[in-house]
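K.L.:
turn this into a structure:
(2 chains)
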Number of protein chains: 2
Amino acid sequence: MKSTLKLLVITEPKLKPNVVKSVEEGFEGEATSTQLRMKDASARQIFEVGLEIRRLTRDYGALYSVDDRLDVALATNVDGVQLEPEYMPIDIAKEIALNMLIGASICSLREAVESEKLGGHFLGTGSVNPSPTKPNVPVIGLEGLRLIVKSVEIPVIAIGNTTESKVLEVMETGVVGVAVISAVMGAPSVRKATAKLGRLVDKAYATRRAL
Amino acid sequence: MKSTLKLLVITEPKLKPNVVKSVEEGFEGEATSTQLRMKDASARQIFEVGLEIRRLTRDYGALYSVDDRLDVALATNVDGVQLEPEYMPIDIAKEIALNMLIGASICSLREAVESEKLGGHFLGTGSVNPSPTKPNVPVIGLEGLRLIVKSVEIPVIAIGNTTESKVLEVMETGVVGVAVISAVMGAPSVRKATAKLGRLVDKAYATRRAL
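P.N.:
Numbers count the residues shown, from 1 in each chain, chains lettered A, B, ... in the order given. Modelled structure (predicted):
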């Protein structure tokens, strides 16, 4: 799982309304994973886009997850689902979502430890920096992130306005990868922006191995 | 299933914020079924209320369904779920929700026939009258309802501002029962309002048998 969590591209219909195309461009730029997030869409709309993304992720050998909708996750045969704290408890979700990777969106050490205890498989942790797409999420910063990485056994992904200039310092905290929205969905070319970020993540891994 | 669909009390937090209490009062007034509907609540909130309603419905031998959230439905072990047209397709929902009764919220003959074809177990059909809680739903009227009842084999429940004075004429269309929101949740006593409606539904059944 860890290698597929290196670079997670999260959809943002407000920035790139053609969600499927934006995901495909992310994969052309070697994203290792995608997360379908369509906050204002109906279950039917997310389901229909999800079916196409399921096909794409199979083609590209990428991990496919859905944000916060276990029903759509089940219906589109995801690899994983990422749940917000206001979603149903992780241990309950696991009973329904057999064999599905359960990620927890968390923004504190307390939530991180609790989510691991309830059986979460990975953590989406943020916001590392102030985030334009999630303005109300608390900012934990690099030190907060480092502390969480040290405190849990499960893989941690950094979320929250990780731009090109920040990837290396974020990766230095020991996270398994970064999840990005604006950095790629706000770019003129999703493919190019993803490819640049991917090279930086790879560089960070090379540095880790050299240490 | 038919006898438990005679009088379906649907929750409305805007009118009765203590949802569990409102449902219990409905059962004291001999509602045969309840549907948990909390449009603006988080999955976590619906889940927590749903667990309490699951206990209540077992105590009262009533049918428990959830509106439009298959994930919460699964997590709270419902008897049924009722899906809007903008939810995922019924045949997909059935693959996930094994052994669950699937109701379809519909407002036209075309949708009724289609929902039956996809394997829906019952229809919530409306709005029979202009509805204060669902102002944008088309009004099908008594004739529209009668036509749908004649056109499908599965049980049809009438939804849409069925007040006391309208129950008998609605039941005459051949529906298996009525679903109510405002008529009971907008009343000072949910128990008394439900009991009155229940007596009228029973009267309608007695008249049917006598014909």
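
K.L.:
what's the lengthiest helix in chain A packed up against?
P.N.:
Longest helix in chain A, counting residues (DSSP state H): helix A:190-210. Applying 3 or more C-beta pairs under 8 Å, 6 or more residues apart in numbering or on different chains; DSSP states H and E, we find helix A:190-210 packed against strand A:7-10, helix A:19-28, helix A:167-171, strand A:177-180, helix A:182-185. The C-beta positions use only the backbone N, C-alpha and C, and glycine is treated the same way.

K.L.:
which stretches of chain A have low pLDDT?
P.N.:
A:133 (pLDDT under 70).

K.L.:
how about the residues of it by chain B?
P.N.:
With C-beta under 8 Å from any C-beta of the partner chain as the criterion, chain A meets chain B at residues A:42-45, A:47, A:68-72, A:74-75, A:85-89, A:92-93, A:95-96.

K.L.:
from the residues you listed, which land in helices?
P.N.:
With helices defined by DSSP H, the entries of the residues of chain A next to chain B inside them are A:43-45, A:47, A:70-72, A:74-75, A:92-93, A:95-96.

K.L.:
separate out the buried members of those residues.
P.N.:
By neighbour count, with 16 or more other C-beta atoms under 10 Å in any protein chain shown, these hold A:43-45, A:47, A:70-72, A:74-75, A:92-93, A:96 as buried.

K.L.:
farthest pair in these?
P.N.:
A:45 and A:92 (25.5 Å; C-beta to C-beta).

K.L.:
picking that back up, the ones in helices among the residues of chain A next to chain B: which two are farthest apart?
P.N.:
A:45 and A:95 (27.0 Å).

K.L.:
could you tell me the end-to-end distance of stretch A:162-170?
P.N.:
End-to-end distance for stretch A:162-170, by C-alpha to C-alpha, to the nearest Å: 8 Å.

K.L.:
over to stretch A:142-160?
P.N.:
End residues of stretch A:142-160 are separated by 11 Å (C-alpha to C-alpha).

K.L.:
residue A:87 touches residue B:42, doesn't it?
P.N.:
Yes. With contact defined as C-beta atoms under 8 Å, residue A:87 counts as touching residue B:42 (7.2 Å).

K.L.:
which one of the two is surrounded by more residues?
P.N.:
residue A:87 (23 against 15; other C-beta atoms under 10 Å in any protein chain shown).

K.L.:
which of the helices or strands spans residue A:66?
P.N.:
strand A:63-67 (DSSP states H and E).

K.L.:
what angle separates that strand from helix A:19-28?
P.N.:
Between strand A:63-67 and helix A:19-28, the angle comes out at 140 degrees (axes from the mean of the first three to the mean of the last three C-alpha atoms, to 10 degrees).

K.L.:
which residues does strand A:63-67 contact?
P.N.:
The set of residues external to strand A:63-67 that reach it, using C-beta atoms under 8 Å, 6 or more residues apart in numbering or on different chains, is A:1, A:4-5, A:8, A:10, A:32-37, A:39, A:46, A:50, A:53-54, A:57, A:72-73, A:76, A:78-82, A:84, A:101, A:103.

K.L.:
which of these count as buried?
P.N.:
Here, 16+ other C-beta under 10 Å leaves A:4-5, A:8, A:10, A:32-37, A:46, A:50, A:53-54, A:57, A:72-73, A:76, A:78-82, A:101, A:103 buried among the contacts of strand A:63-67.

K.L.:
just these: which are in helices?
P.N.:
Short answer: the buried ones among the contacts of strand A:63-67 in helices (DSSP H) are A:46, A:50, A:53-54, A:57, A:72-73.

K.L.:
is it true that residue A:201 touches residue A:180?
P.N.:
No. Taking contacts as C-beta under 8 Å, residue A:201 lies outside contact range of residue A:180: 10.1 Å.

K.L.:
residue A:144 - that's part of a helix, no?
P.N.:
Yes. Checked against DSSP: H, G, I helix; E, B strand; the rest coil, residue A:144 lies within a helix.

K.L.:
so it touches residue A:112, yeah?
P.N.:
No. Counting by C-beta under 8 Å, residue A:144 stays clear of residue A:112, with 9.8 Å between them.

K.L.:
more neighbours: which of the two?
P.N.:
Neighbour count, other C-beta under 10 Å: between residue A:144 and residue A:112, residue A:112 has more, with 25 against 20.

K.L.:
and that one, helix, strand or coil?
P.N.:
Following three-state DSSP, we place residue A:112 in the helix state.

K.L.:
which helix or strand contains the closest residue to it other than its chain neighbours?
P.N.:
Using C-beta to C-beta, 6 or more residues apart in numbering or on different chains and skipping residues adjacent in sequence, the residue nearest residue A:112 is residue A:148, 4.6 Å away. Using DSSP H and E, residue A:148 falls within helix A:141-151.

K.L.:
next structured bit after that helix?
P.N.:
Next along from helix A:141-151, by DSSP H and E: strand A:156-159.

K.L.:
next one: that following strand to chain centre, how far?
P.N.:
Remark: strand A:156-159 is offset 7 Å from the chain centroid, using C-alpha atoms, centre = their mean, to the nearest Å.

K.L.:
by contact count, what packs against that strand?
P.N.:
Strand A:156-159 packs on strand A:122-125, helix A:141-151, strand A:177-180, going by 3+ C-beta pairs under 8 Å, 6+ apart.

K.L.:
go through those and name the closest to residue A:16.
P.N.:
Distance to residue A:16, taken as C-beta to C-beta, is lowest for strand A:177-180 among the helices and strands packed on strand A:156-159, at 12.5 Å.

K.L.:
residues contacting the closest one, please?
P.N.:
Residues outside strand A:177-180 that contact it (C-beta under 8 Å, 6+ apart) are A:2, A:5-10, A:32-33, A:35, A:124, A:126, A:155, A:157-159, A:162, A:167, A:170-171, A:194, A:197, A:201.

K.L.:
just the buried residues out of those residues, in ChimeraX syntax.
P.N.:
Buried residues within those, by 16+ other C-beta under 10 Å, are selected in ChimeraX with:
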select /A:5,6,7,8,9,10,32,33,35,124,126,155,157,158,159,162,167,170,171,194,197,201
